[in-house]
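**Q** What follows is a protein structure lacking sequence information:
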Ligand SMILES: [Zn+2]
Ligand SMILES: [Zn+2]
């Protein structure tokens, strides 16, 4: 697997990504807070296990009030683990795409990971990976799925994009007014081996979605194309640093155009791992 290089001056601070958009990196994954004009805000993703108290204190310091909702890009354990506790404490709904529901209602586990996809972090994590699926119970709500413009009342000014491939119901969020794009795990801005690197050591470069857990590579490619077509000015991923600047849209276009070479793992290309996994 290769990468698209990013000029280091296009890295932006996670606590000042774009107007009203801030993030928090916990271990190897980011969560985001998006503020709205009326003073409310929305939490995007909810981190790894045992991050709830960290997110809670960050939210208090940063926003001084609970969010209006928690919105999930997808249901992987590193994006949802704080959701149950936080939703309870804050008394807010948790939104996700309906195709993620089986994994968020305790009904189903994601397909087995492709351990041989290369890159080092997840095997190290494997002893701590939660076994059973998450169950968000009654608080879980479905994101809108149909219509020309998919929007959510809690996220005014943002468009929802279904970007499947990494998981069936993966979604991304785009604010057209300033070209800010939150991509979850549709792609990363660091290589998986660098997920745990100290901040200054973590080089910014575009990579495909985290490969161990990506279940459909054809869809993943189509989703990166869809995101590249937006020509974003700022991108903030679940893994890696947020980026902003002139070169971002061009770099994303290159990732989309050369997706096979840059993102699809060797054992998928060679056919020893299927391109589409039963989910
Ligand atoms: Zn994921
Ligand atoms: Zn992730």
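**A** Noted; the coordinates are in hand. Predicted model, so just to flag it, every value in this text is computed and none were measured. Ligands and ions are numbered 1, 2, ... in the order given.
**Q** contacting residues around the closest residue to residue 170 other than its chain neighbours?
**A** Leaving aside its chain neighbours, residue 170 sits nearest to residue 74 (4.3 Å; criterion: C-beta to C-beta, 6 or more residues apart in numbering). Bear in mind the C-beta positions are built from the backbone N, C-alpha and C, glycine included. Contacts here follow C-beta atoms under 8 Å, 6 or more residues apart in numbering; on that basis residue 74 touches 96, 97, 100, 166, 167, 169, 170, 171, 184, 185.
**Q** what's the straight distance from one end of stretch 14-23 to the other?
**A** 5 Å (C-alpha to C-alpha, to the nearest Å).
**Q** in that stretch, what's buried?
**A** For stretch 14-23, burial by neighbour count (16 or more other C-beta atoms under 10 Å) applies to 14, 17, 18, 21, 22, 23.
**Q** May I see those residues organised as JSON lines, with distance to ligand 2, pLDDT and secondary structure added?
**A** JSON lines is the format used below for those (distance: C-beta to the ion, whole Å; pLDDT from 0 to 100; DSSP: H, G, I helix; E, B strand; the rest coil):
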{"residue": "14", "distance to ligand 2": "16", "pLDDT": "96", "secondary structure": "coil"}
{"residue": "17", "distance to ligand 2": "18", "pLDDT": "98", "secondary structure": "coil"}
{"residue": "18", "distance to ligand 2": "21", "pLDDT": "98", "secondary structure": "strand"}
{"residue": "21", "distance to ligand 2": "19", "pLDDT": "98", "secondary structure": "strand"}
{"residue": "22", "distance to ligand 2": "19", "pLDDT": "98", "secondary structure": "strand"}
{"residue": "23", "distance to ligand 2": "14", "pLDDT": "98", "secondary structure": "strand"}
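**Q** Taking these, tell me the two that lie furthest apart.
**A** 14 and 18 (11.4 Å; C-beta to C-beta).
**Q** Overlap in contacts, these two.
**A** residue 236.
**Q** thinking residue 10 is in contact with residue 204, fair?
**A** Yes. Using C-beta atoms under 8 Å, residue 10 makes contact with residue 204 at a distance of 7.0 Å.
**Q** Name the residues contacting each of the two.
**A** Common neighbours of residue 10 and residue 204 (C-beta under 8 Å, 6+ apart) are residue 243.
**Q** ok, back up a step: closest one to ligand 1 out of the buried residues of stretch 14-23, please.
**A** residue 23 (16.2 Å; C-beta to the ion).
**Q** The closest one contacts residue 14, correct?
**A** Yes. Assessed by C-beta under 8 Å, residue 23 is found in contact with residue 14 at 4.2 Å.
**Q** Now the common contact residues for the two.
**A** With C-beta under 8 Å, 6+ apart as the test, residue 23 and residue 14 both reach 30, 236, 242.
**Q** now the helices for the stretch 151-279 of the chain?
**A** In the stretch 151-279 of the chain, the segments counted as helices under DSSP state H, counting those that start in this stretch are 217-228, 246-257, 259-262, 266-269.
**Q** closest to ligand 2 out of those?
**A** helix 217-228 (13.2 Å).
**Q** and that closest one, which residues are buried?
**A** 217, 219, 220, 221, 222, 223, 224, 225, 226, 227, 228.
**Q** any low-confidence regions in this protein?
**A** 1, 118-133, 147-148, 279 (pLDDT under 70).
**Q** residues from it in reach of ligand 1?
**A** 76, 185 (C-beta under 5 Å from the ion).
**Q** residues in the chain within reach of ligand 2, list them.
**A** So the chain meets ligand 2 at 78, 185, 238 (C-beta under 5 Å from the ion).
**Q** Next one: residue 265 from residue 76, what distance?
**A** According to C-beta to C-beta, to the nearest Å, residue 265 stands 17 Å off from residue 76.
**Q** Which of these two has more residues huddled nearby?
**A** residue 76 (24 against 20; other C-beta atoms under 10 Å).
**Q** Leaving out chain neighbours, which residue sits closest to residue 97?
**A** residue 169 (3.2 Å).
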